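Asks: Can you look at this prediction? I've put the sequence above it.
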Amino acid sequence: MSDYERSEDFRLGEYWLSKRPGSDSWHRTWFDSTDRQTRRVSLRTSDTEQAKQKLTDWFIDQHRPQEAPPSVVTIAEVLAAYWEGHASTLVSADNARISARYWLDFFGVKTIAEIAPPREQRKFHAWLARKGMKNSTISRVISVGRAAINYAWKNGELESAPFIADVKIESQEPLGRPLSLAETVELIDAMKSEHQVRFALLLIATCARPDAVRDLQKSQCDFDHNLIHLNPPGRTQTKKYRPTVKLPEQFRKMLEDSRPGYLVQYAGKPVKEGKVAWRRARRDAGLDEKVNPYSLRHTMARWMRSQGVPAWEVSAQLGHKQPGMSTTEIYAPFDPTYLERAAEAIDAFAYQLRSSSELVDSALSAKLLKGGRNNGGRYWIRTSDPSDVNTVLYQLS
């Protein structure tokens, strides 16, 4: 074995990684007790991370435990099975992969029974804290390991699942501070493009999280029943629940006249990021760094409560809802009174925005052209020339 470069820092059961001298390729390596020989099979990769993944995939296929006691199943096996069978398909796959690596780096080849004692878990928490992680980040890392263990138990691979303790989450301010009506006007008026303005207005119309608005397509708008289905077809609901909300009347014209496909798009493609443009608009509006896209969600939450919207209705509008909806709740959006007070409050806010901003009024009237404003600082709108059927451009003074 001295002629091989050996890597014991990543081991699954009796298998580890090694390299031949003069070769960059990693091998799956094990000791064959029958003939007392070390065996190797090339993994056909020189990349360490790829080699680890290939060894993991092979091991999962060959070593699926059945109702095994925690004393014989390693955390590495459990995490590998969880990644392969579930986590790799999640929206949060990158977070799951990174968190799993922390578990593997600390516990290595320890069994589930060996990591279960509270003292071992506290050591893990302290190790993560020494890396500069806040408790909220540590909690996310812990949740991945806990989910992997529970996944193995539910699939009949573990006969029992130990309790995995969490850490206390320090209280945090909401992402993004709320804005006043005047600040909201200043922010939107400072935006330079149509898709920026639409993004801001859709945040106000739906009170949704920014990712949900970026994913929103016109086909999710039910104009017959005045509804917006924030969760697209085929997407599994997560803890960040995307509800069905009422379509506020002030936003109907803008949505009905929108192009097919994504409601926030540029050059026909969805806009997935807009941090630079947001920071520029915030700076031009003279607002502080605590103002981010979540600010409009919190602005509307505060506004709805100030307008007397019941707390449970504000919660439903924001998507603060437990998973596992009952049949009654599934059909609740088709009740004419569903989120009625919330929609009225949002409409009232939009009406005041329109009264204070020509840009907002143009956007909600579906007159805003791509580009938003010209070099002279005036807003472009589309209208029809009485003497010509062609569309011409005018300026709002």
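Replies: On my side now, so go ahead.
Asks: Kindly format the C-alpha coordinates of the helix or strand hosting Glu344 as CSV.
Replies: Glu344 belongs to helix 340-356 when assigned by DSSP states H and E. Written as CSV, here are the backbone C-alpha positions of helix 340-356 (Å, rounded to 0.1, in the frame of the first residue of the first chain):
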residue,chain,number,x,y,z
GLU,A,340,-61.2,40.4,0.5
ARG,A,341,-60.0,42.8,3.2
ALA,A,342,-56.4,42.3,2.2
ALA,A,343,-57.1,42.9,-1.5
GLU,A,344,-59.0,46.1,-0.6
ALA,A,345,-56.1,47.4,1.5
ILE,A,346,-53.6,46.6,-1.3
ASP,A,347,-55.8,48.4,-3.8
ALA,A,348,-56.0,51.4,-1.5
PHE,A,349,-52.2,51.6,-1.3
ALA,A,350,-51.9,51.3,-5.1
TYR,A,351,-54.4,54.0,-5.6
GLN,A,352,-52.3,56.4,-3.4
LEU,A,353,-49.2,55.3,-5.3
ARG,A,354,-50.9,56.2,-8.6
SER,A,355,-51.9,59.5,-7.3
SER,A,356,-48.3,60.3,-6.3
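Asks: which helices and strands sit right next to it?
Replies: The contact analysis (3 or more CB pairs under 8 Å, 6 or more residues apart in numbering; DSSP states H and E) places helix 340-356 against helix 181-189, helix 194-206, strand 244-246, helix 293-306, helix 311-318, helix 358-364. For every residue, glycine as well, the C-beta is placed using N, CA and C.
Asks: Can you give the contact residues for the fourth one?
Replies: With contacts defined as CB atoms under 8 Å, 6 or more residues apart in numbering, helix 293-306 is touched by 174-179, 184, 199-200, 203-204, 207-210, 278, 311, 313-314, 317-318, 341-342, 345-346, 349.
Asks: I'd like the distance from the helix or strand encompassing Lys54 to the chain centre, please.
Replies: Under the criterion of DSSP H and E, Lys54 resides in helix 48-62. The chain centre lies 27 Å from the centre of helix 48-62; the measure is CA atoms, centre = their mean, to the nearest Å.
Asks: One more: stretch 255-271?
Replies: For stretch 255-271 - counting by CA atoms, centre = their mean - the centre lies 21 Å from the chain centre.
Asks: Ala345 - nearest residue in space that isn't next to it in sequence?
Replies: Gln307 (4.1 Å; CB to CB, 6 or more residues apart in numbering).
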